[in-house]
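**Q** task: produce atomic coordinates for the following.
(one chain, ligands or ions: 2)
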Amino acid sequence: MLSECLQISKTRLSTSLSRCQLVSRRNFTIAIDGPAASGKSSTARAVAQELGFGYIDSGSIYRCATLLALRQNITEISKHTDDLVAMILKSTVEIKVQPSNSLNAMPSLGRLAVPEVQVLLDGEDVSGEIRKPEVNRMVAKVASESSVREAVLGIQRSMAARAKTRSSQNQSANNEGMPEGVVMDGRDIGTTIFPNAELKIYLDASAMARAIRRWDEMNNQLKDTKQQQKQQKQQQQSASDAQKAGSTTEAPTYPSVEEIARELEARDYADINREHSPLRIASDAVVIDNTNLTFEQQVYTITDLARERMGIKPKHADL
Ligand SMILES: Nc1ncnc2c1ncn2[C@@H]1O[C@H](COP(=O)(O)OP(=O)(O)OP(=O)(O)O)[C@@H](O)[C@H]1O
Ligand SMILES: Nc1ccn([C@H]2C[C@H](O)[C@@H](COP(=O)(O)O)O2)c(=O)n1
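**A** Ligands and ions are numbered 1, 2, ... in the order given. Presented below is the predicted three-dimensional model:
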């Protein structure tokens with residue numbers, strides 16, 4: 001129902017959900033979809049922490065599938081889908097959420113603490129590797145294969161069931177009467193994976209805002225962490241060792257805002273135009289354009305929508 005699809009802007013944050021029915025108190029799924037870098041995963045993580053729900057980043061499963069392909073030197077995905085599906089089904093992907101009480105390193109995330117997420121592929125921490133440019137360039141191709149999507153769908157649903165069970169165990173100390181729940185972000189969560197999700201959000205932002213945020217994020221990561229400084233030193237060291245050995249190791253290069261914008265645009269185009277389960281706004285989704293919203297505004301808008309649908313008093317009606 002299009003009439004249920006709300007456009008929320010900075011000036012229209014107080015949204016009445018009087019038409020929405022209250023949903024089952026025992027089980028609550030929040031689906032967050034949207035284009036690349038629209039803020040899905042940071043928002044979903046903060047929403048999950050606020051509500052005590054489990055969190056699943058479905059994109060990281062496609063990223064792990066892409067890494068499996070790259071490690072086997074499979075670049076022509078359509079010629080090797082059976083092999084790739086077999087590898088996916090044989091592997092284990094775990095998404096570990098580390099609850100956070102401290103402020104996030106990203107100033108744009110304001111006062112909200114956002115949990116860190118670790119992605120393990122067959123027990124190996126691949127959190128950094130799955131965000132590398134070569135994975136960014138290939139992941140939309142991998143995700144366009146229907147048999148890959150089918151394999152990932154099974155993984156997503158069983159992960160969600162486990163995350164809900166864990167959240168209900170954590171909820172026992174909670175006095176708000178919160179149900180067990182999960183927040184999952186991706187491209188087809190509200191349309192295909194959980195078409196009956198109790199709350200569907202379509203998160204969007206202008207292409208330029210998304211590219212600038214990603215650029216900021218990359219630069220922030222570079223500047224701030226001691227670990228990266230250490231890594232840089234190691235890279236410099238190994239580069240000079242390699243040079244001494246006559247090798248041609250390239251110094252790391254960091255993309256400009258324009259290059260990032262082009263990469264996001266290419267990925268969005270592929271995700272929107274693929275045949276199977278393309279990125280679409282579910283007819284009953286709440287659309288939130290966060291171009292001019294603070295991170296807190298978008299998170300609290302979603303947690304209040306969820307609370308309202310669960311029959312629990314919203315906490316931030318004054319936003
Ligand atoms: N309202 C906001 N204002 C400013 N920055 C924001 C806002 N919301 C999210 N961000 C920042 O935007 C960047 C992209 O967010 P995030 O990684 O959550 O997006 P995503 O949609 O999950 O991306 P992808 O699809 O590539 O996985 C992050 O640096 C995040 O901190
Ligand atoms: N539900 C999903 C989640 C992700 N994908 C694909 C499309 C994206 O380009 C890629 C990486 O996702 P991200 O980490 O950027 O959220 O994975 C998908 O098709 N369906």
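
**Q** for ligand 1, what are the nearby residues on the protein?
**A** Proximity of the chain to ligand 1, by CB under 6 Å from any ligand atom, involves residues 34, 36-42, 59, 106, 108-109, 213-214, 217, 290, 293-295, 298. From N, CA and C alone the C-beta is placed, and that goes for glycine too.

**Q** can we see that at 5 Å?
**A** Within the chain, the residues that sit near ligand 1 (CB under 5 Å from any ligand atom) are 36-42, 59, 106, 108, 213, 217, 290, 293, 295.

**Q** from these, list just the buried residues.
**A** By neighbour count, with 16 or more other CB atoms under 10 Å, the residues of the chain next to ligand 1 hold 36-42, 59, 106, 213, 217, 290, 293, 295 as buried.

**Q** could you list which of the residues of the chain next to ligand 1 also contact ligand 2?
**A** Among those, ligand 2 is touched by G59 when using CB under 5 Å from any ligand atom.

**Q** so which of the buried ones among the residues of the chain next to ligand 1 is the closest to ligand 2?
**A** Among these, G59 lies closest to ligand 2 (CB to the nearest ligand atom), at 2.4 Å.

**Q** isn't the closest one right up against M184?
**A** No. Using CB atoms under 8 Å as the test, G59 is too far from M184 to be in contact (10.2 Å).

**Q** where exactly do the helices run in the protein?
**A** Using DSSP state H, the helices of the chain run over 40-51, 58-71, 81-90, 133-143, 146-170, 207-224, 226-244, 257-273, 295-310.

**Q** mean pLDDT lowest where, among the ones you listed?
**A** When the helices of the chain are compared by mean pLDDT, helix 226-244 comes last with a mean of 67.

**Q** how near is E50 to T92?
**A** Counting by CB to CB, to the nearest Å, the gap from E50 to T92 is 29 Å.

**Q** more neighbours, the two?
**A** When neighbours are counted by other CB atoms under 10 Å, E50 and T92 differ, and E50 comes out ahead with 20 against 10.

**Q** distance check, the more buried one against ligand 2.
**A** Separation of E50 from ligand 2 (CB to the nearest ligand atom, to the nearest Å): 21 Å.

**Q** residue nearest the centroid of this structure?
**A** Centrality entry for the chain: nearest residue to the mean C-alpha point is S41, 3.1 Å, by CA atoms, centre = their mean.

**Q** quick one: distance of stretch 182-191 to the chain centre.
**A** The chain centroid and the centroid of stretch 182-191 are separated by 9 Å, computed with CA atoms, centre = their mean, to the nearest Å.

**Q** what's the span of it, first residue to last?
**A** The first residue of stretch 182-191 is 16 Å away from its last residue (CA to CA, to the nearest Å).

**Q** rewinding a little: for the residues of the chain next to ligand 1, which two are the farthest from each other?
**A** In the residues of the chain next to ligand 1, two members sit farther apart than any others by CB to CB. They are G59 and L293, at 21.6 Å.

**Q** any chance of the buried ones among the residues of the chain next to ligand 1 in CSV, plus distance to Y254?
**A** Listed next are those as CSV, based on distance: CB to CB, whole Å:
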residue, distance to Y254
A36, 18
A37, 16
S38, 22
G39, 21
K40, 23
S41, 21
S42, 20
G59, 22
M106, 17
R213, 15
E217, 11
N290, 25
L293, 27
F295, 23
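
**Q** specify which member of the residues you listed is nearest to A143.
**A** G59 (8.5 Å).

**Q** how about the closest one, nearest residue that isn't a chain neighbour?
**A** Closest residue to G59 apart from its sequence neighbours, by CB to CB, 6 or more residues apart in numbering: G186 at 5.8 Å.
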